[in-house]
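Visitor: Here's my sequence, what's the structure:
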Amino acid sequence: MKTGLQIVVTGRVQGVGFRWFVQQTARQNEIMGSVENMPNGDVEIFAEGEQSRLMEFLAVVRRGPAQALVTDLVVSNYPFSGKFQSFKILH
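Guide: Modelled structure (predicted):
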């Protein structure tokens, strides 16, 4: 079953390759969506795909790349929209 997640990631997640890491992880898990730095230092992710793949994606995002330090994730579910055709880094 396909679903969507909005994920807000807190910690040392800007300036450490976090968005690129998330994009590569999403592509490996066939996840569509976007990742964007927020003005307050958080990173916001919208991810859509098969629920099992999203759970795998979420576990990897929680760890982050070696240079990052994820201190918190706030995850909200939303109904699958199908509006994403790829996984993009937004600027």
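Visitor: Show me the shaky parts of this structure.
Guide: For the chain, no stretch has pLDDT under 70.
Visitor: and the residue nearest to the spatial centre of it, helix, strand or coil?
Guide: Of all residues in the chain, the one closest to the mean position by CA atoms, centre = their mean is residue 45, 4.0 Å from it. Using DSSP: H, G, I helix; E, B strand; the rest coil, the structure places residue 45 in strand.
Visitor: got it, and the one 3 residues further on?
Guide: Per three-state DSSP, the local secondary structure of residue 48 is strand.
Visitor: Quick check: it vs residue 8, distance?
Guide: Noted for residue 48: a distance of 16 Å to residue 8, by CB to CB, to the nearest Å. The way it works is simple: take the backbone N, C-alpha and C, and place the C-beta from them, glycine included.
Visitor: Next: residue 72.
Guide: In this view, residue 72 and residue 8 are 8 Å apart by CB to CB.
Visitor: and the angle for the longest helix along the chain with strand 43-50?
Guide: Criterion DSSP state H: the longest helix present in the chain is helix 51-63. Per axes from the mean of the first three to the mean of the last three CA atoms, to 10 degrees, the angle that helix 51-63 makes with strand 43-50 is 160 degrees.
Visitor: Sweet, I'm off.
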